[in-house]
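Participant: mind folding the following:
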Amino acid sequence: MSLLRLFVLCGLMYLLMPLSSLGQQIVLQGRIRDVHSDEPIPFATVRLINTSFVKLSDSAGHFRFVIPRWTGDSLLITYAGFEDATVKLDTTQRRLDLVIGMERGKPTSEVVVKGKINRGLLLWRRIVKNKPLNDRSRFSSFRYELYNKLEIDLNRVNREKMEKGIIPPKPFKFILENIDTSSEENPILPLYLTETISDYYFQSDPRKTREIIKANKTIGVKNESFSKLLGGMYQNFNVYQNFIPVFDLSFVSPLSDNGDAYYHYKVPDTQFIGGKRYFHLLFTPKNKGTNTFQGDAWIADSSYAVQKMNLRLSPTANVNFIEKLSLVQEFQRIGDSIWFLSKDKFVADFSVLGKKSISFIGRKTTTYRDILVNHPSVVERLHEEKLPESVVMSKVAMDRTDSFWSSSRHEALNRNEQAIYQMADTLMKSPSFQSYSEWINFIGSGYRNVGNYQIGPWFNWMSYNLHEGYRLRFDLGTNGNFSKKIYLAGYLAYGFSDRAFKGKFETIYQFNRNPRHRIHAMWKNDIDFGQTYYDDVSFDNIFTLAVRKEQVPIKLIRIDQQMLEYYREWKSGLSFATTLTRKQFDPLRNLPKREELPRPETGEAFNSFEMSVRVRFAYMEKFLESEFFRTSLGSDYPITELRISRGVPGVLGSGYAYTKLNLSVSDYNRIAPFGSLYYNFYAGRVYGTLPYMLLNIAPGNEIYYYNRYAFNLMNRYEYLMDRFAGMHVEHHIGNGIFRWLPYNRYLKFRQFWNVKTIWGDLTEANRTLNFDKGYSFSDLSGRTYVELGTGIDNIMRFFRLDLVWRVTPSPLPKEGYKRFGIFGSFRLGF
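Facilitator: Got it, this is the predicted structure:
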């Protein structure tokens, strides 16, 4: 029995020995990711230094070692297109779970093999050849459900500094508890999160798209037009297109038909995923300073379709305020041969004050599911759509419950994202936060809400000009809390030198917000230059005196105006306005007075009553809207406007009969890779014998701040005309000639050119009425005025310098006029 017991004991020891040894083994595992986009890095080489242990990460970026004992204390991770990463290991532990971030850049250990055949270039050519077979726009129709998530974080957060400065210590201390220190180098503070779920429909012939936003969740901001912009209609990019839009710039896609002129291509390896072979394509820019990407892609064998593409903004690209930018696009296989979009990711680091200062990170993730391709239900859904493009917000989209979001999200929120909603909800209920946010908005926008009313802008409260001296002004208006239909606003101003009050009052009654349908009435009695431009420096601004041209007399006129307008708009982009306007003009400085011109046969001099009709067509124009006002984001099509006006004598003392016709066509286009082009063509005619202020006055500029819509070497009221035609063309080239400047990758100068022309003439009757009164009016007499300009844009990312030449007519009217001028202006853009 003792021998039997010995055999049993030995057997048990033999069986238990592997388990005992396994308990002593070391488990080292982790995930490898792109440090900026947070995307997994597949098939990276993971090596335990000074050992023979080497593995590849899997297709999701995971790796795992099981080793008997520690024989090395560091990991080396290498991957084509990324900097090598070395990780020091804690050898006192027997199990380590790591998350390893790799920075995209020039590899330090890349082996370049020269041969007669460039495999990368050959693969790129096959991808381009098969683009028509893989681009989703080839389908006659498709639909999908789209989930869009946008997060904004504060980057490089220093808790100690924020407690002392930016974040007030007591009311908002809880905000700092949400700082994510998982990255010790760049801790972040999540600030803002919005989510959207929508159904998207597409049809190619005739082209129609429709998005129905089913749900939108945002704490603190509930603006329908903003939510529509965050849907899928305006946020997509397509790696198969020749150019990829990034903000207001266009970048050359690595899969562009001319990509070999901009990129180097390499194929470092191939891998099998799910039994299918994929090529690894690596691309880097050929030239510094071009708007290109660096990155890599996984390409399916045989079909040459993109399975995943990672794009990183080239470090030398001429872009403002963006420190880093990553774009990721993934595709999924539907059936045996169709590859369709499954995920988009967009990550951008915005830095205004420098790379070491606090900055913002914007992260947008979009996922796609429930995809139908070439299905009859899609065509049926779009059959009744009249517009080729529409975005519709469901009435309950902004009121979805938490349970709806929990069951409908394509992916669960992580800890940081959940914390944002909790933090924002707490902030919205905090009186201290509401007070601080109102003051910040007041300083930034100039306006402050006080109950149902709004005061501001504060920067108009005090100004100075030669006629009024110091001028005080106070504005008061209603806000959306007062009424959703009625808007009331006005201001009162007083000049200490002329000792006169001025003012304005206006009201809007809005029948419908979208599309707009409203009545607008206004009374205004104030000093005016007589001409108003969209980006002109405001007259209520002391800055205008500091940059006025020398020896150019200031021209002022006071206008007493009453206006009533009916405005109607349709979803097609067509709008119609009919307006009644009465104006009484009182010239104050350096313009002919009422008594210096002959009186009209009926009514009073310098008194007009006008009826006008304006028709505008802006097809598919987009807006960012508030309750009563909105900002145009432009249209992909030319904008046409026709205005017909009729002066009626004998109404409220008016003294002039006339007819005015004005027509303009304008457009703004990206013409990648050649930058962008803006043009405006216009013409007009005035029928009648009229005083100067009722004729067409060519827009001049009497300060050294550049005016986009004026002739900058022409003075105000220099040319009068009753027949005119002209154009304005401006081409923003991008780097242009500065690409050959050695340090322009740091300076980031940009080049542009423009031409402005106007042809004009004046009837003898209008010339006799207005000229020879001792004032410097002129007419072109059938000649053409031409200005040519070029210069340097993007100086220090904020300023623009214009060099302008007055080409014709010749000779110059008299002394004091110049053939050449230098102008400055402030410009803000990416």
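Participant: tell me the centre residue of this structure?
Facilitator: The centroid of the chain falls nearest to F247 when counting by C-alpha atoms, centre = their mean (4.9 Å).
Participant: so what's it up against?
Facilitator: F830 (C-beta atoms under 8 Å, 6 or more residues apart in numbering). Glycine gets a C-beta too; all of them are placed from N, C-alpha and C.
Participant: can you start the count at 719 instead of 1 from here on
Facilitator: New numbering, starting at 719: the last item is F965.
Participant: which pLDDT value goes with it?
Facilitator: F965 is assigned 79 on the pLDDT scale.
Participant: cool, and E863?
Facilitator: 94.
Participant: repeat that for the one 10 residues further on.
Facilitator: Confidence at N873, expressed as pLDDT, is 74.
Participant: and it, bridged to which residues?
Facilitator: S1077 (DSSP bridges).
Participant: how much space between the residue nearest to the centre of the chain and F1548?
Facilitator: From F965 across to F1548, the span is 4 Å (C-beta to C-beta, to the nearest Å).
Participant: quick one, helices of the stretch 969-1118 of the chain?
Facilitator: Ranges of helices in the stretch 969-1118 of the chain, per DSSP state H, counting those that start in this stretch, are 1094-1101.
Participant: residue ranges with poor pLDDT in it?
Facilitator: For the stretch 969-1118 of the chain, applying pLDDT under 70 flags the ranges 1071-1075.
Participant: now stretch 1123-1137: average pLDDT?
Facilitator: 85.
Participant: give the buried residues for the helix or strand where T914 lies.
Facilitator: Assessed by DSSP states H and E, T914 sits inside strand 907-922. For strand 907-922, a neighbour-count test (16 or more other C-beta atoms under 10 Å) marks 907-921 as buried.
Participant: how about stretch 1204-1222?
Facilitator: Y1205, A1207, G1208, Y1209, A1211, Y1212, G1213, D1216, K1220, K1222.
Participant: tell me which two of these sit farthest apart.
Facilitator: Across the buried residues of stretch 1204-1222, the longest distance by C-beta to C-beta is 30.5 Å; it joins Y1205 and D1216.
Participant: partner strands of the strand holding T914, parallel or antiparallel?
Facilitator: strand 859-873 (antiparallel), strand 925-936 (antiparallel).
Participant: and R1030, how far from I744?
Facilitator: In terms of C-beta to C-beta, R1030 sits 35 Å off from I744.
Participant: would you agree E1135 is in contact with L911?
Facilitator: Yes. Contact criterion C-beta atoms under 8 Å: E1135 and L911 qualify, at 5.7 Å.
Participant: who touches both of the two?
Facilitator: Both E1135 and L911 are in contact with K867, E869, where contact means C-beta under 8 Å, 6+ apart.
Participant: can you tell me which of the buried residues of stretch 1204-1222 are in strands?
Facilitator: Counting by DSSP state E, the buried residues of stretch 1204-1222 place Y1205, A1207, G1208, Y1209, A1211, Y1212, G1213, K1220, K1222 in strands.
Participant: who touches the fifth one in this structure?
Facilitator: Looking back up the chat, that one is A1211. A1211 neighbours (C-beta under 8 Å, 6+ apart): R1189, L1190, R1191, F1192, F1219, K1220, G1221, D1244.
Participant: quick revisit: who's more crowded, R1030 and I744?
Facilitator: R1030 (23 against 17; other C-beta atoms under 10 Å).
Participant: got a list of what the more buried one touches?
Facilitator: H754, S755, R822, F1011, Q1012, G1013, K1042, L1043, S1044, L1045.
Participant: now do it against A1416, distance only.
Facilitator: R1030 is 49 Å from A1416, by C-beta to C-beta.
Participant: do E1129 as well
Facilitator: From E1129 over to A1416 the distance is 59 Å, taken as C-beta to C-beta.
Participant: these two: which is more packed in?
Facilitator: Neighbour totals were compared for E1129 and A1416, and A1416 leads with 23 against 11 (other C-beta under 10 Å).
Participant: span of stretch 769-776 from start to end?
Facilitator: 21 Å (C-alpha to C-alpha, to the nearest Å).
Participant: among the buried residues of stretch 1204-1222, which one sits closest to Y1165?
Facilitator: Once C-beta to C-beta is applied, the member of those that ends up nearest Y1165 is A1207, at 10.8 Å.
Participant: run through the bridge partners of the nearest residue to the closest one once chain neighbours are set aside.
Facilitator: Using C-beta to C-beta, 6 or more residues apart in numbering and skipping residues adjacent in sequence, the residue nearest A1207 is G1195, 3.1 Å away. Going by DSSP bridges, G1195 is paired in beta bridges with Q1172, A1207.
Participant: G1195 and T1225: what is the separation?
Facilitator: 10 Å.
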